[in-house]
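Engineer: I'd like to go over a predicted model; first the sequence, then the structure.
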Amino acid sequence: MRTIYLDNAATTKLHPLVRKAMSECEEDGFGNSSSLHSAGRKAKEKLDLARETISKKVFAKNHKLIFTSGGTESNNFAIKGLALGSREKKHIVTTKIEHDCVLNTLGFLEKYGYKVTYLDVDKEGLVNLEALENAITKDTLLVSVIHGNNEIGTIQNLKEIGRIVHEKGSVFHTDACQSFTKQPIDMEKDNIDLLTINAHKIYGPKGVGALLVKEGLGLEPLLHGGGHEYGLRSGTVNVPGIVGFSKATEIIGEREIEHMASLRNQLVTGLKDIDDCWLNGPEVDSGKRLCNNANLTFMYAEGEAIVLYLDALGICVSTGSACSSNTLKPSHVLKAIGLKQEQSHGTIRFSIGIDNTTEEIKYTIDCVKGTIEKLRQMCPYKY
Amino acid sequence: MENYSKKVMENFMKPKNMGEIKDASGVGKVGNPVCGDIMWIYIMVSKDKSGNEIVKDIKFKTLGCAAAIATSSMITELAKGKTLADAYKITKADVAKALDGLPPIKMHCSNLASDGLKAAINDYLVKQGRKPMEHTKEAGSSLRS
């Protein structure tokens, strides 16, 4: 049976061009980028080039790009590194729709006396700029707001948020793992001090990410050792992975974005006929939604059951957020946009990839309709 | 999450005895939409040759995850033909065992089936003007209102 992979927000398949770049690097750039000899120097050259390529992609001028093991590490590093490096300010502002790796890092800091303000979002998942402005005080060390939400696809207005954060004298961090290469990011114009990005959401390898850090922020490293990455992230540098990351930044272009958006729209249009079903997050044509995200609630059917029935038909999707599958907690993002608990159970996230086709979407629409009907026949009553 | 056993998947993909019994002798309604699992168990009671009341027929309707659907299907298989007294004794552990186990995270939340059956039996008894059987609380019981 063929597989229709519609979970590209969880991870993507390594692109052949990325694989090629990585395997070439494994061959002639395998050296330790810290070594003095020719093998080391070759690796170092490739590392420098990758750093430059990725930095340019986000128009970084006064920022250092630190390679990490991925989005989770970058977010941990941004938040804990800044907290450890700046002893005075003890307040952090964030939103209720961040990824768990931000929320749990902040929860960790709360144990050590930090105060955290979790901003509400509206029903589309957007932060209220006035509330943001009011939340920032003289004691606010950091404002961390996710760029493109991983569950409902909401894209925040980085530029405005960054402007407010800077006016109020704080530091702006954004987690752009879902939006990177799908939405333009400009470190200078968007007033970003700390930017989290990673490779495996954009057809690159898993285990590779980066944090861009504004000069002079004074972050403390989380990993101490041989002083790699400007002394901010020790550990022998994963040059082939980083070369893959660099190559991956070239995969999604305007054509791919249009392709994914058109398939996503086809999917949403097809599924919206289903009774008691709705799209969560901003409208598809609002310009406030990631091009590949569709998040729908189907009442009177349960998410895990939907996922497993669709899986049996060859379709890979996820409930709310893939991370939530390990816990039974309803999604904090759906709660934040006002869904009741009994509504959030039947929520499915579809995330389109560059290789999906119109035929696949058509098949998916039919399968989802059949699955929802089958599950609703089992449901004892409507509530 | 731990993967489901083959048995769970079979019972989830092709559940047995799904549906309603019109004019059921008793209906057990457990779970609620907030938790995400709702299970209704319908039973038809009749007497066997020796005059014991047995679960002659049993069906279910369930909203819930794979575990909720699989345990519903399994309880109908386990209870069918049993005397009311024996059916009442079926535990969550019995259901889980018959399914070759459930992931620990699902043991308590989605394994409502034995509670549903007990509720159906008591619904029948109460409708008959008789005393309901006592629900001895087993470990991890999650009778929810």
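Structural biologist: Perfect, thanks for sending it.
Engineer: Next, the residue lying closest to A:Gly227 once chain neighbours are set aside: secondary structure please.
Structural biologist: The shortest distance from A:Gly227 to any non-neighbouring residue, by Cβ to Cβ, 6 or more residues apart in numbering or on different chains, is to A:Ser234 (6.0 Å). Placement of C-beta: from N, CA and C, glycine included. Taking DSSP: H, G, I helix; E, B strand; the rest coil as the rule, one finds A:Ser234 in the coil state.
Engineer: Report pLDDT for the residue nearest to A:Leu158 when sequence neighbours are not counted.
Structural biologist: Nearest non-adjacent residue to A:Leu158, counting by Cβ to Cβ, 6+ apart: A:Asp190, 4.1 Å away. If you check A:Asp190, the pLDDT there is 97.
Engineer: so how many other residues sit close to A:Asp190?
Structural biologist: 22 (other Cβ atoms under 10 Å in any protein chain shown).
Engineer: so who does it touch?
Structural biologist: A:Leu158, A:Lys159, A:Gly162, A:Thr174 (Cβ atoms under 8 Å, 6 or more residues apart in numbering or on different chains).
Engineer: what's the distance between it and A:Phe172?
Structural biologist: 8 Å (Cβ to Cβ, to the nearest Å).
Engineer: that older thread, next up, the contacts around the residue nearest to A:Gly227.
Structural biologist: Contacts of A:Ser234 by Cβ under 8 Å, 6+ apart are A:Pro221, A:Leu223, A:His224, A:Gly225, A:Gly226, A:Gly227, A:His228.
Engineer: any idea how far the residue most central in space within chain B lies from chain A?
Structural biologist: Nearest to the centroid of the C-alpha atoms of chain B, with distances taken as Cα atoms, centre = their mean, sits B:Ala113, at 3.1 Å. As judged by Cβ to the nearest Cβ, to the nearest Å, B:Ala113 and chain A stand 13 Å apart.
Engineer: correct me, but that residue touches B:Glu77?
Structural biologist: No. Counting by Cβ atoms under 8 Å, B:Ala113 stays clear of B:Glu77, with 10.4 Å between them.
Engineer: So chain A: which segments form each domain?
Structural biologist: A:4-12+A:253-378, A:16-248 (automatic domain parsing).
Engineer: Among these, show the one with the smallest mean pLDDT.
Structural biologist: Among the domains of chain A, domain A:4-12+A:253-378 scores lowest, at a mean of 94.
Engineer: State the three-state secondary structure for the nearest residue to A:Leu129 once chain neighbours are set aside.
Structural biologist: Of all residues not flanking A:Leu129 in the chain, A:Glu160 sits nearest, at 5.7 Å (Cβ to Cβ, 6+ apart). Three-state assignment for A:Glu160 (three-state DSSP): helix.
Engineer: Quick check: next helix or strand after the helix or strand bottoming out on mean pLDDT in chain B?
Structural biologist: Lowest by mean pLDDT, DSSP states H and E among the helices and strands of chain B is helix B:104-107, with a mean of 84. Once the chain leaves helix B:104-107, the next helix or strand it forms, by DSSP states H and E, is helix B:113-127.
Engineer: Quick check: mean pLDDT of that next one?
Structural biologist: On average, helix B:113-127 scores 97.
Engineer: Which other helices and strands does that helix contact?
Structural biologist: Under the contact criterion of 3 or more Cβ pairs under 8 Å, 6 or more residues apart in numbering or on different chains; DSSP states H and E, helix B:113-127 touches strand B:26-32, strand B:37-47, strand B:53-63, helix B:66-79, helix B:84-88, helix B:92-98.
Engineer: which of the residues in the third one are buried?
Structural biologist: Which is strand B:53-63. B:Glu53, B:Ile54, B:Val55, B:Asp57, B:Ile58, B:Lys59, B:Phe60, B:Lys61, B:Thr62, B:Leu63 (16 or more other Cβ atoms under 10 Å in any protein chain shown).
Engineer: count of residues packed around the residue in the stretch 101-250 of chain A that chain B sits nearest to?
Structural biologist: Closest residue of the stretch 101-250 of chain A to chain B, Cβ to the nearest Cβ: A:Glu151 (17.2 Å). A:Glu151 has 30 neighbours, counted by other Cβ under 10 Å.
Engineer: Report whether it is found in a strand, as I expect.
Structural biologist: No. Counting by three-state DSSP, A:Glu151 is not part of a strand but coil.
Engineer: Double-check it against A:Val333; I have them as touching.
Structural biologist: Yes. If you go by Cβ under 8 Å, A:Glu151 and A:Val333 touch, sitting 4.3 Å apart.
Engineer: re the thing from before, which stretch of helix or strand covers the residue nearest to A:Leu158?
Structural biologist: Using DSSP H and E, A:Asp190 falls within no helix or strand.
Engineer: From A:Gly71, how far out is it?
Structural biologist: Applying Cβ to Cβ, the value for A:Asp190 to A:Gly71 is 18 Å.
Engineer: Then A:Met260?
Structural biologist: 20 Å.
Engineer: between those two, which one's more packed in?
Structural biologist: The residue with more neighbours, out of A:Met260 and A:Gly71, is A:Gly71; 27 against 23, by other Cβ under 10 Å.
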